[in-house]
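**Student:** Sequence and predicted structure below; questions after.
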Amino acid sequence: MNISEQASDDVALLRRAAKGDEDAFTDLYRRNEAALYRFALRMTGNTWAAEEIVQEVFMTLMRDPKKYDPARGALGAYLFGIARNRVMKHLEWLPREISLDEQNENHSGATAVIDSYTPVHWAEQRERMEHVRAAILDLPAEFREAVVLCELEELSYEEAARVLECPIGTIRSRLHRGRALLLAKLEMLRGAPRRASAGH
Amino acid sequence: MKCEEFEAIGLGLERQGSIANGTQSAERAAALEHANTCPRCAALQDSWREARVALVSWRDATQQAGAPGRVEMRLRQEFRTRHRTLKMRRRLILAAWTLATAAVLVAFASWWNWHLTQNVPRQEARLVGAGTSSAGTGGERGGVSETVPADTTDQGVLLADNEGFTLLPGSLPQETQDAAIFRVRLQREALVEFGLPVNLERASDWIQVDLLVGEDGQPRAVRLPVQSRD
């Protein structure tokens, strides 16, 4: 199924859901929840917050499905926009919230990657991921969302610009600054300070 | 390519699928060339590659992450509740409108019924063809010279309201129920025949009076218009 087919399918599902078709709503949810959850998780670093955000996104869709205008873009981008707003609110209110579960368990917020490497390698990889995670969560929100969308979600600049409702040039510059800051933070976390043109 | 351009563009070229068209491949070549000649940018590129490896690791680790099943359960429950409530509300609104419409219809029907029952006596009291009846009335009573319709538009048809009429001797109130009103012109002295007192000084004056005439053509009551009473 190509993108336009999926978009029109999404619109049809949304119409059915608006009329009370629960299966259509469930289909819509299953199509979009994973990407939204990952985005929220990577932005907040908190599984509870990500869960809450996904729920709020679909509650918003449920409450007012007519707010979505197919002429303005795909439903996925619209949902990302809502998720982004929720994430921003969450970051404003709870800038440093870390759940106890995550502090005590896997910091990635996901199941551990099972591999056949040695425990040392696994520990190194885990430490590196933790550094990345901490560095990303330490980025200012606007740079963080550019990095998450473009580097982790692998959206194109155009798609990211649509989600963030800003010009492509802004995405490029945010990404550039985000990368520079990320590098600086990673090096700082590794305890090997090296000059990076973080732009600050 | 300068260092600033390399920082802005060169790092982004590492992204998966970024080598999409000719422009980007040219940029990539220029960036690689610059990295080969600039040790600072080469170090930056190395750092970024390392960071990207870590980023990709984290991305892969979270790639399979998804919202827990309880979110779907909660949303579905909310969906059901919401739509059930909406359905109920719609039904209630529909029922309320139906009841309101029914009440209005009943009220209108009642009013119409009442209106019809009010109109029946009036319609029965209408008199059509005043000219034919007036001939008989004028001929029987002495001094009554002519019958003049009260209004030229309704040709002597008047509505009986029984107000201001004086029953003539020998007439019963029940007899006036189906009576019709005639406005006639007569000499004042003719009122004597109806048993009414007359000012003899003005006995020859022509006056207008309303006669309540029964179904048998006999006058039952009389009413003097205001200007004729003096």
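**Tutor:** Cool, got the structure. Numbers count the residues shown, from 1 in each chain, chains lettered A, B, ... in the order given.

**Student:** The nearest residue to A:V163 once chain neighbours are set aside and B:W114: what is the separation?
**Tutor:** Once flanking residues are discounted, A:V163 sits nearest to A:F80: 4.3 Å by C-beta to C-beta, 6 or more residues apart in numbering or on different chains. C-beta: built from backbone N, CA, C; applies to glycine. For A:F80, the distance to B:W114 equals 66 Å [C-beta to C-beta, to the nearest Å].

**Student:** How about B:R76?
**Tutor:** Between B:R76 and B:W114 the distance is 57 Å, computed by C-beta to C-beta.

**Student:** next one: B:D205
**Tutor:** In terms of C-beta to C-beta, B:D205 sits 45 Å off from B:W114.

**Student:** ok, the two, which is more surrounded?
**Tutor:** B:D205 (13 against 10; other C-beta atoms under 10 Å in any protein chain shown).

**Student:** Which residues are in contact with that one?
**Tutor:** For B:D205, the contact set (C-beta atoms under 8 Å, 6 or more residues apart in numbering or on different chains) comprises B:187-188.

**Student:** mind saving the C-alpha coords of stretch B:52-68 as CSV?
**Tutor:** Taking Å, rounded to 0.1, in the frame of the first residue of the first chain, the C-alpha atoms of stretch B:52-68 are listed here in CSV:
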residue,chain,number,x,y,z
ARG,B,52,25.2,8.0,15.0
VAL,B,53,26.2,4.4,15.9
ALA,B,54,25.0,5.0,19.4
LEU,B,55,21.9,6.8,18.1
VAL,B,56,21.1,3.9,15.8
SER,B,57,21.6,1.4,18.6
TRP,B,58,19.1,3.3,20.7
ARG,B,59,16.8,3.6,17.8
ASP,B,60,16.9,-0.1,17.2
ALA,B,61,16.5,-0.8,20.9
THR,B,62,13.3,1.3,21.0
GLN,B,63,12.2,0.4,17.5
GLN,B,64,9.8,-2.3,18.6
ALA,B,65,8.5,-0.2,21.4
GLY,B,66,4.7,0.3,21.3
ALA,B,67,2.0,1.5,23.6
PRO,B,68,1.0,-1.2,26.0
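
**Student:** Any buried residues in it, and which?
**Tutor:** For stretch B:52-68, a neighbour-count test (16 or more other C-beta atoms under 10 Å in any protein chain shown) marks B:52, B:54-59, B:61-62, B:65-67 as buried.

**Student:** Wondering if that stretch reaches chain A at all.
**Tutor:** Yes - using C-beta under 8 Å from any C-beta of the partner chain, stretch B:52-68 reaches chain A at B:52-55, B:57-68.

**Student:** Near residue 74, how many other residues are there?
**Tutor:** Here I'm looking at chain A. If we define neighbours as other C-beta under 10 Å, then A:A74 has 19 of them.

**Student:** nope, chain B please
**Tutor:** Using other C-beta under 10 Å, B:R74 has 15 neighbouring residues.

**Student:** Quick check: it touching A:V54?
**Tutor:** No - if you go by C-beta atoms under 8 Å, B:R74 and A:V54 don't touch, sitting 10.4 Å apart.

**Student:** Endpoints of stretch A:145-164, how far apart?
**Tutor:** Stretch A:145-164 stretches 8 Å from its first residue to its last (C-alpha to C-alpha, to the nearest Å).

**Student:** Look up which helix or strand the most centrally placed residue in chain A falls in, please.
**Tutor:** Taking C-alpha atoms, centre = their mean, the centroid of chain A lies closest to A:F39, which sits 1.6 Å from it. Here A:F39, judged by DSSP states H and E, is contained in helix A:22-44.

**Student:** List the buried residues in whichever helix or strand comes after that helix.
**Tutor:** Going down the chain from helix A:22-44, the next helix or strand is helix A:47-63, by DSSP H and E. By 16+ other C-beta under 10 Å, the buried positions in helix A:47-63 come out as A:47, A:49-62.

**Student:** If we check chain B, which of those are in contact?
**Tutor:** Restricting those to contacts with chain B (C-beta under 8 Å from any C-beta) yields A:50-51, A:54-55, A:58-59, A:62.
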